[in-house]
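1. Sequence first, then the predicted structure:
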Number of protein chains: 2
Amino acid sequence: MAMATIYEVAKEAQVSPKTAARILAGASSRPHNKERVLAAAKKLGYVRNQQAANLRSGKSGLLGLIIPSVTNPYYPWFFQAIHDIALQKGYQILLSSVSGGHEEVVRALRMMEANQVEGLLFNMSEWDDRDSLEILERFIARGQPVIIGGTNLGKLQADEIVIKNVEAVQKVTHYLVKTGHEKIAFISGPLTALGNRERLEGFRKAMAKAKLEVRENWLCEGSAEFEEGLDQGLKVLRRSDRPTAIVCATDQIAMGAVKAAHELDLHVPKDVAVTGFNDTPWARLTSPSLTTLRQPKARIARESINLLVERITERDLTNPRRLYFEPDLIIRESA
Amino acid sequence: MAMATIYEVAKEAQVSPKTAARILAGASSRPHNKERVLAAAKKLGYVRNQQAANLRSGKSGLLGLIIPSVTNPYYPWFFQAIHDIALQKGYQILLSSVSGGHEEVVRALRMMEANQVEGLLFNMSEWDDRDSLEILERFIARGQPVIIGGTNLGKLQADEIVIKNVEAVQKVTHYLVKTGHEKIAFISGPLTALGNRERLEGFRKAMAKAKLEVRENWLCEGSAEFEEGLDQGLKVLRRSDRPTAIVCATDQIAMGAVKAAHELDLHVPKDVAVTGFNDTPWARLTSPSLTTLRQPKARIARESINLLVERITERDLTNPRRLYFEPDLIIRESA
DNA sequence: CCAATAATTGACATCGTTGTCATTTTACGT
DNA sequence: ACGTAAAATGACAACGATGTCAATTATTGG
């Protein structure tokens, strides 16, 4: 009842296993044999055992992708893009969505090793766990290329995906200034994450450039979630000197800020403009739809996979590279 | 430079490969050997080659999951739930997100076969492609259990996940009636999909039970997307006899309807109540937050995987089963 | 029609792991 | 210290696919 093997196909077709294999691999052969083998394969429902083939060939056709959580709305799209492009290039994606802590990441990395991934995309924010680093180093030493995203693992000889957070937030802040705003608040995600520090820096730079005052109590830090946006939004909008615009470090925070505005009977964007970050799938669906910054996911996916595959096939590439990507400003109704 | 094998570990530790394997598998052994093997394994960064182990054991530890698209906001959560529970049970998930047509599904199914998945969760809506069916039949004949979700592949001897769409929509509709609504519209997704037909049926049943009139031109059918909700919402809300509530077949449609209401200066829920379906992650973030129906994803995942694993380990289970799940009514601000 | 060349074919070995089973080592009771 | 039972070990084979290479078969020109 198990899966038919090439031996059974060969027997059925009365040829040697090797011939059957060759024919199923598409090589030329006597028409007579070809017919018989194809017929036998069809009859038995033969499907090549990929695991065995991989073992033989020393390749796995797998690329590993480690991300924080598919339930974070940014990642499904990222995964889909990576998945599609990898398929085109003949690779499957082995996905690990690790919502938990260090142990879970280590387990995921081990799993990737055990499954012989040929390359790895490691997308986590602020990760510098000793054990993980050691395993990643092993990948690289072994010649399995690694691309790091979302965090900076400095000493590691790996390629990096760098999102230009500073420039992006500068862009949106500049846009607000240009549309006449002078009193602008900023609600950040946790500053323990590099990306959030960069976004804050972008805000400060833009304000400095516009010669606008950055009121320190208009700078809020919290989690990257909706509730935080709501709380901080309420706090900052209740002040007598309330801002006319709020730049938020994530779309979730922005949604919270919008809700805060509504609760205080303020109109968005007339009374307060609100901007987000990431262009999560629902950003365009809300009322008002969200002005936000969109990461070029397809481009990130394409260039990452390209580089990864290049490194896999040409072992002797030079030094680690950095791939830079700048989010686009998407102007909608909220600002 | 390649991955260290058990032979190298054995050599380094001066024991036979079998002993090394046994020790690494956790069996008891002379302390002397144990130390040396563990040290050698650590030194060489040994990681078991899962592919080879699978080949040897005839198991893969893989469960296949085929879904329409991870970018559909329902699925990431579903995947995460499946993924977590499968991990607990010692299985990895092999995910295929097939946005495209039949060919792509067939390719995904073949890939699942080639990778020796021990069981398969096939979650597509309205799928009755000949080729796919044939492959699925092969799975079952071979003794690789299959669970079908989201569609009805009648003749197939497979277990099924059944979402009680009828009851769910009856529940919201009833709730609207109870809160005083009499003029209720329904915006459906494409009626080619079973789930949408059921949702419509639920609406009709509930209205009949409440002895309320179902005006045929308040029944809109379209895609399951936002734009459709907006268009249909505008159309139905512009009528002189506009409804006071709109039941929508998806959250996306509901968001569209909310936007339509806003464009016509109608307040939600004061002027029109709007309800969605699925409790997509952003349903609670919007203003107003969305009253909707939530699928018990964790429970669906748990029970599906349990059944799948049970079938894998106990080959002689009886007839196909059906797992029923009824979405919960989540009452928020929009209705 | 035959020799020479080209195209196919199949026996064998191998990828890394681990079950089987015979052999060796250890531990224990007397 | 010795015999025996129990525990640990290692040689070998097998999982399924496929590269190597020698043997076979087909093709071509003279």
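-> That came in fine, so what should we check first?
2. What residue spans form the domains of chain A?
-> Domain segmentation of chain A under automatic domain parsing yields A:6-48, A:60-163+A:297-326, A:165-294.
3. can you list those domains in TSV and add distance to B:E134 and mean neighbour count?
-> (Glycine included, C-beta is placed from N, CA and C.) Below are the domains of chain A laid out as TSV (distance: least, C-beta to C-beta, whole Å; neighbours: other C-beta atoms under 10 Å in any protein chain shown):
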stretch	distance to B:E134	mean neighbour count
domain A:6-48	9	16
domain A:60-163+A:297-326	23	18
domain A:165-294	35	20
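4. So out of everything in the stretch 101-250 of chain A, what residue is nearest DNA strand D?
-> Nearest residue of the stretch 101-250 of chain A to DNA strand D: A:Q116, at 13.1 Å (C-beta to the nearest atom of the strand).
5. quick one: stretch A:175-191 to chain centroid distance?
-> With C-alpha atoms, centre = their mean, to the nearest Å as the basis, stretch A:175-191 stands 26 Å off its chain's centre.
6. most centrally placed residue in chain A?
-> Using C-alpha atoms, centre = their mean, the residue of chain A that lies closest to the mean C-alpha position is A:F78, 4.6 Å off.
7. So which residues of the stretch 201-335 of chain A form strands?
-> A:219-221, A:245-248, A:273-275, A:292-294, A:322-325, A:328-330 (DSSP state E, counting those that start in this stretch).
8. Quick one, which of these gets closest to A:V47.
-> Minimum separation from A:V47 across those (C-beta to C-beta) falls at strand A:322-325, 37.0 Å.
9. Need the contact partners of the closest one.
-> A:159-164, A:295-296, A:299-300, A:303-304, A:307 (C-beta atoms under 8 Å, 6 or more residues apart in numbering or on different chains).
10. let's see it at 10 Å
-> Contact with strand A:322-325 is made by A:147-149, A:159-164, A:167-168, A:295-297, A:299-300, A:303-304, A:306-307, as judged by C-beta atoms under 10 Å, 6 or more residues apart in numbering or on different chains.
11. Okay, now the sheet partners of that strand, with direction.
-> Under the criterion DSSP bridges, strand A:322-325 sits next to strand A:159-163 (parallel) in its sheet.
12. For whatever helix or strand comes next after the strand it pairs with, name the packing helices and strands.
-> For strand A:159-163, the following helix or strand on the C-terminal side (DSSP states H and E) is helix A:165-178. Using 3 or more C-beta pairs under 10 Å, 6 or more residues apart in numbering or on different chains; DSSP states H and E, the elements in contact with helix A:165-178 are strand A:184-188, helix A:194-209, strand A:245-248, strand A:273-275, strand A:292-294, strand A:328-330.
13. so what's the nearest residue in space to A:L109 that is not next to it in sequence scoring on pLDDT?
-> For A:L109, ignoring the flanking residues on the chain, the nearest one in space by C-beta to C-beta, 6 or more residues apart in numbering or on different chains is A:I135 at 4.5 Å. The model reports A:I135 with a pLDDT of 93.
14. For A:I135, pull up the helix or strand it's in.
-> helix A:130-142.
15. just how off-centre is that helix within its chain?
-> The answer for helix A:130-142 is 21 Å, by C-alpha atoms, centre = their mean.
16. that older thread, could I get the strands of the stretch 201-335 of chain A as CSV with mean pLDDT?
-> Listed next are the strands of the stretch 201-335 of chain A as CSV, based on pLDDT from 0 to 100:
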stretch, mean pLDDT
strand A:219-221, 93
strand A:245-248, 97
strand A:273-275, 97
strand A:292-294, 98
strand A:322-325, 95
strand A:328-330, 97
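17. I'd like these written out as a markdown table, with distance to DNA strand C added.
-> Below are the strands of the stretch 201-335 of chain A laid out as a markdown table (distance: least, C-beta to the nearest atom of the strand, whole Å):
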| stretch | distance to DNA strand C |
| --- | --- |
| strand A:219-221 | 47 |
| strand A:245-248 | 49 |
| strand A:273-275 | 52 |
| strand A:292-294 | 44 |
| strand A:322-325 | 32 |
| strand A:328-330 | 46 |
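18. Looking at those strands, which is nearest to B:K155?
-> Nearest to B:K155, of all these, is strand A:292-294, at 45.6 Å by C-beta to C-beta.
19. coming back round to it: from the contact counts, what lies against the helix holding A:I135?
-> So helix A:130-142, by 3+ C-beta pairs under 10 Å, 6+ apart, packs with helix A:102-114, strand A:119-123, strand A:146-149.
20. one more time with 7 Å, if that's ok
-> Helices and strands touching helix A:130-142, by 3 or more C-beta pairs under 7 Å, 6 or more residues apart in numbering or on different chains; DSSP states H and E, are helix A:102-114, strand A:146-149.
21. Would you mind getting the angle between that helix and strand A:119-123?
-> 150 degrees (axes from the mean of the first three to the mean of the last three C-alpha atoms, to 10 degrees).
22. Just confirm yes or no for helix A:130-142 near DNA strand C.
-> No: counting by C-beta under 7 Å from any atom of the strand, DNA strand C has no neighbours in helix A:130-142; the shortest distance is 11.8 Å.
23. Run through who's touching that helix.
-> With contact meaning C-beta atoms under 7 Å, 6 or more residues apart in numbering or on different chains, helix A:130-142 is reached by A:102, A:105-106, A:109, A:120, A:122, A:146, A:153, A:156-158, B:1-3, B:45.
24. Which of those scores worst on pLDDT?
-> In this model, the minimum pLDDT among the contacts of helix A:130-142 belongs to B:M1 (62).
25. quick one on the thing from earlier: now the angle between helix A:102-114 and the helix holding A:I135, please.
-> Using the same axes, to 10 degrees: helix A:130-142 against helix A:102-114 is 20 degrees.
26. quick one on the thing from earlier: so which of the domains of chain A is nearest B:S57?
-> That would be domain A:60-163+A:297-326 among the domains of chain A, by C-beta to C-beta, at 13.5 Å.
27. Start and end of the closest one, how far apart?
-> Terminal residues of domain A:60-163+A:297-326 are spaced 33 Å apart (C-alpha to C-alpha, to the nearest Å).
28. circling back to that earlier point, tell me which of the domains of chain A sits nearest to B:L264.
-> Across the domains of chain A, closest to B:L264 is domain A:165-294 (C-beta to C-beta), at 11.9 Å.
29. gap between the closest one and the chain center?
-> On C-alpha atoms, centre = their mean, the centre of domain A:165-294 falls 23 Å from that of its chain.
30. same thing with stretch A:44-62?
-> 28 Å.
31. now do stretch A:43-54
-> Distance, stretch centre to chain centre, for stretch A:43-54: 32 Å (C-alpha atoms, centre = their mean).
32. Just confirm yes or no for it near chain B.
-> Yes: using C-beta under 7 Å from any C-beta of the partner chain, stretch A:43-54 reaches chain B at A:G45, A:V47, A:R48, A:N49, A:Q50, A:Q51, A:A52, A:N54.
33. Which members of the residues you listed are the farthest-apart pair?
-> A:G45 and A:N54 (20.9 Å).
34. Adding distance to A:H267, write the helices and strands packed on helix A:165-178 out as a markdown table.
-> Shown next, in a markdown table, are those (distance: least, C-beta to C-beta, whole Å):
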| stretch | distance to A:H267 |
| --- | --- |
| strand A:184-188 | 17 |
| helix A:194-209 | 24 |
| strand A:245-248 | 13 |
| strand A:273-275 | 10 |
| strand A:292-294 | 19 |
| strand A:328-330 | 21 |
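35. Can you name the residues that contact the residue nearest to the centre of chain A?
-> Residues counted as contacts of A:F78 (C-beta under 7 Å, 6+ apart) are A:K297, A:A301.
36. how far away is it from A:R302?
-> To A:R302, A:F78 is 12 Å away according to C-beta to C-beta, to the nearest Å.
37. Flag the shaky bits of chain A, pLDDT-wise.
-> Within chain A, the stretches with pLDDT under 70 are A:1.
38. what are the phi and psi angles of A:D265?
-> phi 60, psi 30 (degrees, to the nearest 10).
39. ok, now how distant is it from A:L237?
-> Noted for A:D265: a distance of 10 Å to A:L237, by C-beta to C-beta.
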